[in-house]
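[1] here is my input, please return the structure:
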Amino acid sequence: MWEHKAEKKMAKKPSKRREALLKIVDVTKEYGVDEAMKVLKELKSAKFDETVEIALNLNVDPRHADQMVRGSVVLPNGTGKKVRVAVFAKDAKADEAKAAGADLVGAADLIEDIQAGKLDFDIVISTPDMMGVLGKVARILGPKGLMPNPKTGTVTMDVAKAVENAKGGQVNFRVDKKGNIHAGIGKISFSEDKIKENFITLMEMINRAKPASAKGRYISNGAISLTMSPAITLDTTELMDIK
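    I've put the predicted structure just below:
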């Protein structure tokens, strides 16, 4: 049975703070997007700026290549998170990446750092000619979701644009082996309108990425939550109508 990770956190005996939050959310209800955004704002309780998190379960079987759902989208209002970007490039392309604000730029030297366990970055971008070099650390980067991929725009000759996107709020998404997608779409300090705009932008892209071979109901379950809050179950019919 699908279970949102926020629900797992709430499975233990709740504290008084959590008990108060659980009174705000009707766990038997599927919320429309507009109402969910309003309830979300009422759930702020932590002392830090909590991340707004989306969780979806898709009716796909990612074991089949033609049912893999993955992609990237630049959120119009950013994620509110400072992102460190590493770029594998040489010569003029390396200079472009540095000028665009990349935190780390290199080639063999970066490979050595990664092999030594230094992973001081959140996104990896590479020019196509450097992908052969990156193969040496694919087993390290792959499981962490850091391996560059053309489908997410992280394998490109336009490294400057890729760095700008990554710094400006790009979110990469990919179903896990159970068909789940998790993504952060902003901070609770964002206005309700900005959170909703980011949410709609992400959902449009996920719906657009629906495999032609996927049969039946595309989105089985959906929820939105804060880092420290219970999950708000979403109306999946409305989610699938976001185009």
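[2] could you pull out the helices in the protein for me?
    Using DSSP state H, the helices found in the chain span residues 5-10, 16-22, 33-42, 91-100, 108-115, 131-134, 138-141, 159-168, 192-208, 236-240.
[3] residue ranges in this structure under the pLDDT threshold?
    Applying pLDDT under 70 to the chain flags the ranges 1-14.
[4] quick one: which of the helices of the chain is nearest residue 78?
    Among the helices of the chain, the nearest to residue 78 by C-beta to C-beta is helix 159-168 (6.1 Å). For every residue, glycine as well, the C-beta is placed using N, CA and C.
[5] send the alpha carbons of that closest one over as PDB?
    Output of helix 159-168 as PDB, limited to C-alpha atoms (Å, rounded to 0.1, in the frame of the first residue of the first chain):
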ATOM      1  CA  VAL A 159      26.500  24.600 -20.000                       C
ATOM      2  CA  ALA A 160      25.900  28.300 -19.100                       C
ATOM      3  CA  LYS A 161      22.100  27.900 -19.500                       C
ATOM      4  CA  ALA A 162      22.200  24.600 -17.600                       C
ATOM      5  CA  VAL A 163      23.900  26.200 -14.700                       C
ATOM      6  CA  GLU A 164      21.500  29.100 -14.700                       C
ATOM      7  CA  ASN A 165      18.500  26.700 -14.700                       C
ATOM      8  CA  ALA A 166      20.000  24.700 -11.900                       C
ATOM      9  CA  LYS A 167      20.700  27.800  -9.800                       C
ATOM     10  CA  GLY A 168      17.300  29.300 -10.700                       C
END
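[6] show me what that helix is in contact with.
    The contact list for helix 159-168 (C-beta atoms under 8 Å, 6 or more residues apart in numbering) reads 72, 74, 78, 83, 85, 87, 89, 93, 96-97, 99-102, 122-123, 125, 127, 153-154, 156.
[7] inside strands: which ones of the residues you listed?
    72, 74, 85, 87, 123, 125 (DSSP state E).
[8] reformat those as a markdown table; add neighbour count and distance to residue 18.
    What follows is those, written out as a markdown table (neighbours: other C-beta atoms under 10 Å; distance: C-beta to C-beta, whole Å):
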| residue | neighbour count | distance to residue 18 |
| --- | --- | --- |
| 72 | 19 | 34 |
| 74 | 16 | 34 |
| 85 | 25 | 36 |
| 87 | 31 | 42 |
| 123 | 24 | 33 |
| 125 | 28 | 39 |
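[9] now tabulate those residues in CSV and tack on distance to residue 182.
    Listed next are the ones in strands among the contacts of helix 159-168 as CSV, based on distance: C-beta to C-beta, whole Å:
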residue, distance to residue 182
72, 15
74, 18
85, 21
87, 25
123, 16
125, 22
